[in-house]
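In: what shape does this take:
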Amino acid sequence: MLVKTRGIVLNFIKYRETSIIAKIYTEELGLQTYIVNSVRQKTGRIALFQPFTLLDMVVYTSPKGGITRISEYKCSYPFSSIPYAIRKSSMLLFLSEVISYTIKEEEENRSLFEFLNNAIIHFDQQEEGFENFHLIFLLQLSFYLGFGPASGTEITSQVAFSSGHQFVGGRPAILHFQAFEDYLDNLLHQPEKTDIPNGKVRRELLLILIKYYQLHVEKLGEIRSLNVLSEVLAE
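Out: Coordinates of the predicted model:
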């Protein structure tokens, strides 16, 4: 059976000599895995399977589930800035890895799809002031995943009491994390107006959010692209 759907590419791995296996979050079918034949032979086609590329697709489905194939595909929204801005592309590489670990459902979830789709387009269109995008994205995504916090205090208290460390940087753990409560609260409730002073604070906020996710997402381990993102965003 063929289904027409929009899709958001999360990642891919090479398969045989010319093909790939791509993980794609679809509007109609949730998270799916597809074999894409001969795509590495065709000039420029592999670019359509970079993280968070937005696609229009016609795909095969199987009542047994598992890996299927894509019949047709094309870019639904050509990026104007993301491929040409290392800061943006690094953020999306990181976020696509987080989503790959956190979204598992092979079923329709239109509200989640629309959130992802609209956030990506908005990010591509932002010419400036996007330094906090990954932080805002993670906070907003948490609500779709079922563990959205009501306040910055909720985040920092959970992280502090589960950290397993009495002290962080020579200070009691709870005091260390409480220093970031207001930033997280502002990112939750007035994200576009939040002023984060520097990359060091931004990195600490990201680490707190990753720890918060690890508390709520089973088997969410190390995010491999975090170091790359940290280097690119360092100030």
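In: domains in the chain, by residue range?
Out: Under the assignment automatic domain parsing, the domains of the chain span 2-75, 82-233.
In: just the endpoints, please. Distance across the shortest one?
Out: Same thing as domain 2-75. Distance across domain 2-75, first residue to last, is 19 Å (C-alpha to C-alpha, to the nearest Å).
In: what pLDDT does residue 219 get?
Out: Per-residue confidence for residue 219 comes out at a pLDDT of 80.
In: that one belongs to a strand?
Out: No - using DSSP: H, G, I helix; E, B strand; the rest coil, the assignment for residue 219 is coil, not a strand.
In: tell me how far it lies from residue 75.
Out: Look at residue 219 and residue 75: by C-beta to C-beta, to the nearest Å, they are 32 Å apart. Every residue, glycine included, has its C-beta placed from N, CA and C.
In: same check on residue 10?
Out: Remark: distance between residue 10 and residue 75 (C-beta to C-beta) = 16 Å.
In: same question, residue 38
Out: 18 Å.
In: same question, residue 62
Out: From residue 62 to residue 75 the distance is 26 Å (C-beta to C-beta).
In: now do the helices in this protein.
Out: Per DSSP state H, the chain carries helices over the ranges 86-102, 110-125, 133-145, 152-162, 173-178, 181-189, 199-216, 226-233.
In: quick one: the ones you listed as a markdown table, columns for mean neighbour count too.
Out: As requested, the helices of the chain are exported to a markdown table (neighbours: other C-beta atoms under 10 Å):
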| stretch | mean neighbour count |
| --- | --- |
| helix 86-102 | 19 |
| helix 110-125 | 16 |
| helix 133-145 | 19 |
| helix 152-162 | 19 |
| helix 173-178 | 18 |
| helix 181-189 | 19 |
| helix 199-216 | 18 |
| helix 226-233 | 15 |
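In: turn these into a markdown table, columns for distance to residue 58 and mean pLDDT.
Out: Shown next, in a markdown table, are the helices of the chain (distance: least, C-beta to C-beta, whole Å; pLDDT from 0 to 100):
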| stretch | distance to residue 58 | mean pLDDT |
| --- | --- | --- |
| helix 86-102 | 23 | 93 |
| helix 110-125 | 17 | 97 |
| helix 133-145 | 26 | 97 |
| helix 152-162 | 41 | 90 |
| helix 173-178 | 48 | 79 |
| helix 181-189 | 39 | 95 |
| helix 199-216 | 34 | 93 |
| helix 226-233 | 34 | 82 |
